[in-house]
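test case, fold it:
(one chain, ligands or ions: 1)
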Amino acid sequence: MNFPFVLKRTACPRVESLTTDAGEWLKIARQRLTGVEQPGLEAQLILGSVLQLPRAAVLAHLERRLTPGQLEQLAQLVNRRANGEPLPYLLEHWEFFGLDLVVTPAVLIPRPETELLVEEALAWLKQHPSRRQAADVGVGSGAISAALATHIPDLRICATDHSRPALRVAQENMRRLGLTDRVSLLEMDLLSACRGPFDLVAANLPYIPSKRLVDLQVARFEPADALDGGNDGLRLIERLLAAAPRWLAPDGQMLLEIEAGQGESAPALARKIFPYAEVDLKTDLAGLPRLLRIVN
Ligand SMILES: C[S@@+](CC[C@H](N)C(=O)[O-])C[C@H]1O[C@@H](n2cnc3c(N)ncnc32)[C@H](O)[C@@H]1O
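Down below sits the predicted model:
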């Protein structure tokens, strides 16, 4: 442990000297977190998670005394963060599409870019009220399934992952959100053991080319299995596309999150496998292609 404040204080035997107030701790933590983008905000969130209070409540009582136990816990969290571990893993939850989701290092931290896929899927489902069988391939934390099932109350989703630890996290999220009766979580490779066909197939599969992973900060902490898309990043997407004609219902829609650099290769692959389908790309707010859409 090398959090300066605690190190200094633990050298002192008196219990009182181990305590400090929240305001003082926040100042010290902010200095320790200079390497992160928003050190002040992150320090407040970390403190809130240990005190089990919302940030506003933490800030309303900066004179609150912290116990030695809390200081010890805080020191560990700040050290982990200073070492590069993503904040959501420390807080053990994260927001996606307005939902509070449990996250652990067994799952990819849900990203804002995946909200594009959710928005497209919701728009299509609302326009097609009789199409209510969906699949979410590589469910991870359950972010996509949770958002879709929350907004479309009669939607049924077959959500798969080949990682059992990830499925446990997804299960916990569906339980908390009251979605277990409509989201079936199944351990398998892609959709291999599912009963289709599906009106909607959504997938945010790993798409980062393997050789790029070594340089990526996220790969130090997030499961490689959730990131590694093989040589060109399209290994899993290609396998899913190859199997998809069997799983996608006539006039069904498939939505696949891709990397911006795959704006040509991913649609080319889809057109080869679905020569008669409508294939297009959706762009994010920066105008980058991030979503491949196939209408069967
Ligand atoms: C990029 S993460 C996406 C997680 C979540 N859907 C999201 O959007 O936040 C990809 C997920 O696909 C799963 N996965 C990777 N290969 C798979 C395969 N062959 N079959 C099923 N799931 C797979 C990983 O375990 C991981 O949970």
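
now the strands for this protein?
For the chain, the strands defined by DSSP state E cover 20-21, 65-66, 93-96, 99-102, 133-137, 156-161, 183-187, 198-203, 248-257, 278-283, 289-295.

looking at the ones you listed, which is closest to residue 84?
strand 93-96 (16.8 Å; Cβ to Cβ). Heads up, the C-betas are built off the backbone N, CA and C, glycines and all.

for the strands of the chain, give me TSV that also has distance to the ligand and mean pLDDT.
Output for these, formatted as TSV (distance: least, Cβ to the nearest ligand atom, whole Å; pLDDT from 0 to 100):
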stretch	distance to the ligand	mean pLDDT
strand 20-21	38	90
strand 65-66	34	96
strand 93-96	7	97
strand 99-102	9	98
strand 133-137	6	98
strand 156-161	4	98
strand 183-187	8	98
strand 198-203	7	98
strand 248-257	7	96
strand 278-283	15	96
strand 289-295	12	97
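
any chance of those strands in TSV, plus mean neighbour count and distance to residue 149?
Below are the strands of the chain laid out as TSV (neighbours: other Cβ atoms under 10 Å; distance: least, Cβ to Cβ, whole Å):
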stretch	mean neighbour count	distance to residue 149
strand 20-21	16	43
strand 65-66	16	40
strand 93-96	18	13
strand 99-102	18	10
strand 133-137	26	9
strand 156-161	24	6
strand 183-187	18	5
strand 198-203	26	12
strand 248-257	20	15
strand 278-283	14	21
strand 289-295	21	20
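
out of those, which gets nearest to residue 41?
Using Cβ to Cβ, the nearest of these to residue 41 is strand 93-96, at 13.7 Å.

show me what the closest one packs onto, helices and strands only.
Applying 3 or more Cβ pairs under 8 Å, 6 or more residues apart in numbering; DSSP states H and E, we find strand 93-96 packed against strand 99-102, helix 143-151.

quick check: mean pLDDT of the longest one?
What helix 143-151 shows for mean pLDDT is 98.

please see if it touches the ligand.
Yes. Residues of helix 143-151 are located near the ligand by Cβ under 6 Å from any ligand atom, namely 143, 144.

neighbouring contacts of that helix?
Contacts with helix 143-151, where a contact means Cβ atoms under 8 Å, 6 or more residues apart in numbering, come from 96-97, 99, 101, 110, 114-115, 117-118, 121-122, 125, 134, 136, 139, 155, 157, 159, 170, 173-174, 177, 179, 182-183, 202, 204.

any regions of this protein where pLDDT drops low?
1-19 (pLDDT under 70).

now for the residue nearest to the spatial centre of it: which residues touch it?
In the chain, the centroid-proximal residue (Cα atoms, centre = their mean) is residue 110; its distance is 1.6 Å. With contact set as Cβ under 8 Å, 6+ apart, residue 110 has these partners: 94, 96, 101, 103, 140, 141, 143.

get me the contact residues on this protein for the ligand.
Counting by Cβ under 6 Å from any ligand atom, the chain sits next to the ligand at 107-108, 110, 114, 138-141, 143-144, 160-163, 166, 189-190, 204-206, 225-226, 236.

before we move on, back to that, could the strands of the chain go into JSON lines alongside distance to residue 264?
JSON lines is the format used below for those (distance: least, Cβ to Cβ, whole Å):
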{"stretch": "strand 20-21", "distance to residue 264": "56"}
{"stretch": "strand 65-66", "distance to residue 264": "54"}
{"stretch": "strand 93-96", "distance to residue 264": "29"}
{"stretch": "strand 99-102", "distance to residue 264": "33"}
{"stretch": "strand 133-137", "distance to residue 264": "23"}
{"stretch": "strand 156-161", "distance to residue 264": "28"}
{"stretch": "strand 183-187", "distance to residue 264": "33"}
{"stretch": "strand 198-203", "distance to residue 264": "19"}
{"stretch": "strand 248-257", "distance to residue 264": "15"}
{"stretch": "strand 278-283", "distance to residue 264": "9"}
{"stretch": "strand 289-295", "distance to residue 264": "9"}
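
report the contact partners of residue 58.
Here residue 58 is in contact with 22, 44, 47, 48, 51, 64 (criterion: Cβ under 8 Å, 6+ apart).

excluding chain neighbours, give the residue nearest to it in space.
Distances taken as Cβ to Cβ, 6 or more residues apart in numbering place residue 48 nearest to residue 58, at 4.8 Å, with adjacent residues excluded.

run a quick neighbour tally on that neighbour.
18 (other Cβ atoms under 10 Å).

and residue 53, by the same measure?
Residues lying near residue 53 (other Cβ under 10 Å) number 16.
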